[in-house]
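Visitor: Structure here, sequence nowhere to be found:
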Ligand SMILES: [Zn+2]
């Protein structure tokens with residue numbers, strides 16, 4: 001599943017190709033994504049100039065002046081750059097065709113992605129309005145995390161993955177940040193004190209940042225929009241390392257299930 005670093009890597013890769021460019025046409029081959037793609041979308045997009053490409057959580061926001069194209073990669077989506085001669089394949093559901101011939105294509109085999117249009121402030125869209133602070137924003141820190149977790153008795157790992165608490169921290173990065181802070185993922189969130197919240201907020205930022213620098217992780221078939229696979233995967237401390245020795249203490253990494261997701265942790269380093 002594309003996580004925040006993959007979305008941000010995609011955004012950074014696309015900005016130089018898209019911003020300031022005019023859209024010639026939009027092609028919708030499959031309207032049945034997680035929500036139906038609006039029927040009039042090609043009409044709305046044709047002739048518009050992309051003024052900016054922003055991100056909020058895992059949503060990409062294409063500012064087209066008169067409105068915003070909101071795109072989410074869902075479970076299996078990725079955007080890649082083609083040209084108008086490249087034939088579309090089975091799972092290529094949506095194309096943005098620029099006047100210069102560049103095509104930005106959404107490939108999404110599981111069709112859990114979203115392609116929507118919103119007039120007015122995109123942050124007021126119902127899907128975006130309730131999202132918590134961006135992990136990189138200065139306003140997200142230990143104090144904010146401490147406040148947000150006081151009445152949460154659920155396990156800290158599940159609380160971190162709740163986008164109302166902080167935007168876009170998925171399974172991989174929740175596992176990695178908890179290891180780096182030495183926190184057992186099963187600890188009830190409200191029992192984590194000030195100092196540990198501070199450390200956790202700092203490590204969430206650090207983990208996501210290093211993944212972005214590495215170009216996102218290359219799990220499944222994720223490929224950055226420049227066509228290069230990311231290589232953050234090789235830097236995982238716990239994720240996907242069940243039974244292997246902890247890189248700090250040598251204890252075997254344990255795997256458990258939390259909310260249908262795999263959790264990996266070191267029983268010795270994480271208390
Ligand atoms: Zn350890």
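Guide: Yes, it's here. Remember, it's a predicted structure, so these values are computed and weren't measured experimentally.
Visitor: Go ahead and confirm residue 259 touches residue 159.
Guide: No. Between residue 259 and residue 159 there is no contact under C-beta atoms under 8 Å: 10.5 Å. Any C-beta I mention is one placed from the backbone N, CA and C, and that applies to glycine too.
Visitor: which other residues reach the top helix by length along the chain?
Guide: As assigned by DSSP state H, the longest helix anywhere in the chain is helix 194-213. Residues outside helix 194-213 that contact it (C-beta atoms under 8 Å, 6 or more residues apart in numbering): 3-5, 8-9, 12, 135-136, 140-146, 149, 156, 160, 166, 169, 173, 176-178, 180-183, 192, 217, 230, 232, 235.
Visitor: one more time with 6 Å
Guide: Contacts with helix 194-213, where a contact means C-beta atoms under 6 Å, 6 or more residues apart in numbering, come from 4-5, 8-9, 135, 141-142, 145-146, 169, 173, 176-177, 180-181, 232.
Visitor: mind listing what's buried in that helix?
Guide: Across helix 194-213, burial judged by 16 or more other C-beta atoms under 10 Å covers 196-205, 207-208, 211-212.
Visitor: What mean pLDDT does the helix or strand following that helix get?
Guide: Moving toward the C-terminus from helix 194-213, the next helix or strand (DSSP states H and E) is strand 254-258. Computed over strand 254-258, the mean pLDDT rounds to 98.
Visitor: right, is the helix or strand that comes right after strand 254-258 up against the ion?
Guide: The first helix or strand that comes after strand 254-258 along the chain, using DSSP H and E, is strand 261-265. No. Remark: strand 261-265 sits outside contact range of the ion, by C-beta under 5 Å from the ion, the gap being at least 8.8 Å.
Visitor: Parallel or antiparallel, list what pairs with strand 261-265.
Guide: strand 254-258 (antiparallel) (DSSP bridges).
Visitor: which residues sit against the partner strand?
Guide: So strand 254-258 is contacted by 155, 157-158, 242, 262-265, 267 (C-beta under 6 Å, 6+ apart).
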